[in-house]
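Participant: Any chance you could fold what I've pasted below:
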Amino acid sequence: MKKQVIILVVMLVGVLSVQAQTKSDDYFVYTKDAKQTEAAVAAEEGGEEAEEKVRDVMKERFPFRRLCDWRKGMRFLVRPDKRDYVMRSFSDSAEQRKVSITSLRHKILTYTGHDSERPAHLFFRCEDDGRTYTYEVPYGDFDDYCTNKLGVPSLASLADVDSARVWLLGKTLVTKLDTYYKDVDYSESGAEEVSGLRYKEVKVVKVGIGTRSYPVKLVVADSLGNEFFQTVAISRTNSGLRDDEFSLMENRGHLFTDAFEMLGDEAVPSWEYKGYINKVVHARHSMWMDKGREGRVNVGSLAAFTIKGVKSVHGTRYAKLTLVSARDNRTYTKDVYFRDYVDVDTVADASQKVYDLLFSEGAPANMKDVNPAHLDAISKGIVQKGFTEVEVMLARPDTHEVRAGLRGSGTYEWVYNEMNTKHLRVVFNSKTHKVKEVYN
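Facilitator: This next block holds a predicted model:
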């Protein structure tokens, strides 16, 4: 514990040191063999459009702070986009006059607090000229305004950049997009697309400033030394975008978790798999799993597990499940497809590969309406007289048709007649909802 505290203090000192020593010029990084050209600067000033699941370790290191939760000392770099050049958003506090955003471009502003007037004002000290600047809230009081996602225009959060330099620089990632960017001298925008990069292992070689919406520019290099970059949002602090806007076509790929996956001890499950963690499931039928040093083993139907981890398998559409057995407390792994990421109709032997064809929720031994004496027959796919509906569904989890029984018989039927399955007709008593007859 003492060692962990020391490490945490060292890391914190590292972040503070970066903040104390880094000037605005140090936040601009480029892929090798390129520099920012006058054309690129002119285009930016002229208003070209800016570029655009789990252990919460990323949230711990890159916490989202809504405007209400801003702390004095938070640092931002003035990184205006096209819209910001139209309106004069900041005032010089001493001279009580509006200032052009161009005069503040690429300067670092430190947040010093706000007032509670109406309209409210936020105050910043410029690290470059030592002057104090004010941003006037466009409507209502501070409490009304601070709950939205608009924040303060033109300001890119340096907290994300500084933290990325501590936690991501030198780390190995896997690319999840096909197209990234590289800096060039001959393009008006200063960058061009590079394609064919999906599922490559890369190392983060530089971390700098991106845009207001995507403040972290990650420059990565592949095994051959080729460099390319993506601008990403991590905490989303002051990004100016609502959460749902990140799913729009022009914003896709600019979330860190959309653009990269971490490897090694720093790897975390993708956000889309978060809901599966700690879920109790059982095998719908027998399947192969990996069991550590014992290698590949066959797991029988109804075997119960708790899902302890889900992680994308780079280079594929698989996700790797880490499961702990309820029977022997041993750890197993299984590569699966999730329906959201694959067309099941195109998957050969889908029943052995697709998550919801492999697993169902719950541990059969603990389920209501399951007689432990029936579990052996159920695990073999056998349906017997006296079974409940739950037991029949465990024994035969495949698709069935529900039919009404003969008039006056007091029964109803489940009929299994799908192609490539064992045909079966199960007759239930309408009052007890237990199996009355079974016809193979």
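Participant: Can you give me the distance of Ser286 to Val324?
Facilitator: When C-beta to C-beta, to the nearest Å is applied, the distance between Ser286 and Val324 equals 19 Å. Glycine gets a C-beta too; all of them are placed from N, C-alpha and C.
Participant: cool, and Thr175?
Facilitator: 31 Å.
Participant: Between those two, which is the more surrounded one?
Facilitator: Thr175 (21 against 15; other C-beta atoms under 10 Å).
Participant: Next, the contact list for the more buried one, please.
Facilitator: Shown here is Thr175, whose contacts under the criterion C-beta atoms under 8 Å, 6 or more residues apart in numbering are 197-200, 202, 220, 259-260.
Participant: Can you flag the buried ones in the residues you listed?
Facilitator: 197, 200, 202, 220, 259-260 (16 or more other C-beta atoms under 10 Å).
Participant: quick one: which two of the residues you listed are the most distant?
Facilitator: Taking C-beta to C-beta, the two most distant members of the buried ones among the contacts of Thr175 are Lys200 and Ala259; they sit 12.1 Å apart.
Participant: For the chain, name the helix or strand with the lowest mean pLDDT.
Facilitator: Taking all helices and strands of the chain together, the one with the lowest average confidence (mean pLDDT, DSSP states H and E) is helix 38-46, at a mean of 43.
Participant: What residues sit buried inside the helix or strand following it?
Facilitator: Once helix 38-46 ends, the next helix or strand along the chain (criterion: DSSP states H and E) is helix 57-61. For helix 57-61, the buried set under the neighbour-count rule, 16+ other C-beta under 10 Å, comprises 58, 61.
Participant: can you check stretch 326-338 too?
Facilitator: Of the residues in stretch 326-338, those scored as buried under the neighbour-count criterion (16+ other C-beta under 10 Å) are 326, 331-332, 334, 336-338.
Participant: Farthest pair within those?
Facilitator: For the buried residues of stretch 326-338, the maximum inter-member distance is 24.0 Å, found between Ala326 and Tyr337 (C-beta to C-beta).
Participant: how's the chain carved up into domains?
Facilitator: Domain assignment of the chain by automatic domain parsing yields the ranges 271-364, 368-439.
Participant: show me the contacts for Leu255.
Facilitator: Leu255 makes contact with 232-233, 246, according to C-beta under 8 Å, 6+ apart.
Participant: how about 10 Å then?
Facilitator: Remark: with contacts taken as C-beta atoms under 10 Å, 6 or more residues apart in numbering, Leu255 is in contact with 214, 232-234, 236, 239, 243, 246-247, 271.
Participant: Please apply the same query to Ala395.
Facilitator: Contacts here follow C-beta under 10 Å, 6+ apart; on that basis Ala395 touches 301-302, 374-375, 377-384, 387, 424, 426.
Participant: Show me those that map onto helices.
Facilitator: Among the contacts of Ala395, the subset assigned to helices under DSSP state H consists of 375, 377-379.
Participant: For PyMOL, write the selection for the buried entries among these.
Facilitator: To isolate in PyMOL the members of these that are buried, counting by 16+ other C-beta under 10 Å, one can use:
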select buried, resi 375+378+379
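Participant: Between the ones in helices among the contacts of Ala395, which sits nearest Pro397?
Facilitator: Proximity of the ones in helices among the contacts of Ala395 to Pro397, judged by C-beta to C-beta, is greatest for Ile378, which lies at 10.3 Å.
Participant: So what does the residue nearest to the closest one when sequence neighbours are not counted look like in phi/psi?
Facilitator: With C-beta to C-beta, 6 or more residues apart in numbering as the measure, Ala395 is the residue that lies nearest to Ile378, at 4.5 Å, once sequence neighbours are left out. Backbone geometry at Ala395, expressed as degrees, to the nearest 10, gives phi -70, psi -40.
Participant: cool, the one 5 residues further on as well?
Facilitator: When quoted as degrees, to the nearest 10, the phi and psi of His400 stand at phi -140, psi 160.
Participant: what do you get for Ile307?
Facilitator: Dihedral angles of Ile307 (phi, psi; degrees, to the nearest 10) stand at phi -80, psi 120.
Participant: Test my guess that it contacts Phe359.
Facilitator: Yes: the criterion here is C-beta atoms under 10 Å, and Ile307 meets it with Phe359 at 8.6 Å.
Participant: what sits in contact with each of those two?
Facilitator: Shared between the contact lists of Ile307 and Phe359 (criterion: C-beta under 10 Å, 6+ apart) are residues 276, 279-281, 321, 323, 334.
Participant: hang on, the earlier thing: who's more crowded, Ile307 and Phe359?
Facilitator: Shown here are Ile307 and Phe359; by other C-beta under 10 Å, Phe359 has more neighbours (25 against 19).
Participant: what residues are up against Glu60?
Facilitator: Residues in contact with Glu60, defined by C-beta under 10 Å, 6+ apart, are Trp167.
Participant: now it: how far from Ile234?
Facilitator: When distances are taken as C-beta to C-beta, Glu60 and Ile234 turn out to be 12 Å apart.
Participant: now Met249
Facilitator: In terms of C-beta to C-beta, Met249 sits 21 Å off from Ile234.
Participant: Then Lys380?
Facilitator: For Lys380, the distance to Ile234 (C-beta to C-beta) stands at 50 Å.
Participant: out of the two, which sits in the more crowded spot?
Facilitator: Set Lys380 next to Ile234 and count neighbours by other C-beta under 10 Å: Ile234 wins out with 27 against 12.
Participant: Would you map the helices across this protein?
Facilitator: In chain order, the chain shows helices spanning 2-21, 38-46, 57-61, 101-104, 142-146, 158-167, 256-259, 355-358, 375-379, 389-395, with DSSP H as the criterion.
Participant: Worst mean pLDDT among these?
Facilitator: Taking each of the helices of the chain in turn, the one with the lowest mean pLDDT is helix 38-46, at a mean of 43.
Participant: so what's Val297 up against?
Facilitator: Contacts for Val297 (C-beta under 10 Å, 6+ apart) come out as 287-291, 330, 332.
Participant: For ChimeraX, write the selection for the buried entries among these.
Facilitator: This is the ChimeraX syntax for the buried subset of the contacts of Val297, where burial follows 16+ other C-beta under 10 Å:
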select :287,289,291,332
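Participant: Many thanks, we can stop here.
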